[in-house]
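[1] sequence? don't have it. structure:
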């Protein structure tokens with residue numbers, strides 16, 4: 001693999017199947033919540049499922065962030081220059097978005 005190809009890969013690529021499996025479960029949870037609303041399920045039960053869904057999404061987000069920091073940001077920092085500053089700024093903005101949500 002050339003350095004161009006290596007730079008084009010994402011940090012999560014080695015765990016891609018695991019992320020896809022998690023997202024498939026999250027998708028099923030969302031459909032389940034939809035079904036609960038359609039069936040007039042008790043509000044607290046729906047909220048409990050929404051909390052579980054939110055937690056699952058946060059775990060995916062934190063995993064992706066960790067992979068991004070270890071792969072993309074570290075690689076850019078080692079290379080130095082303006083790309084390093086841009087990747088750090090980008091990661092900081094992503095963290096800020098996650099904290100706000």
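    Good, I have the coordinates. Keep in mind the model is a prediction, meaning the values are calculated, not measured.

[2] for the chain, which spans come out with low pLDDT?
    Along the chain, segments meeting pLDDT under 70 span 1-9.

[3] If you count neighbours, what's buried in the top helix by length along it?
    Counting by DSSP state H, the longest helix found in the chain is helix 43-68. With burial defined by 16 or more other Cβ atoms under 10 Å, the residues of helix 43-68 counted as buried are 46, 49, 53, 56-57, 60, 63-65, 67-68. (Glycine included, C-beta is placed from N, CA and C.)

[4] In terms of helices and strands, where is the closest residue in space to residue 52 that isn't next to it in sequence?
    Using Cβ to Cβ, 6 or more residues apart in numbering and skipping residues adjacent in sequence, the residue nearest residue 52 is residue 29, 6.6 Å away. Element membership of residue 29 [criterion: DSSP states H and E] is helix 16-38.

[5] Please produce TSV containing the buried residues of helix 43-68, extended by distance to residue 101.
    Shown next, in TSV, are the buried residues of helix 43-68 (distance: Cβ to Cβ, whole Å):
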residue	distance to residue 101
46	20
49	18
53	13
56	14
57	9
60	13
63	16
64	14
65	12
67	19
68	17
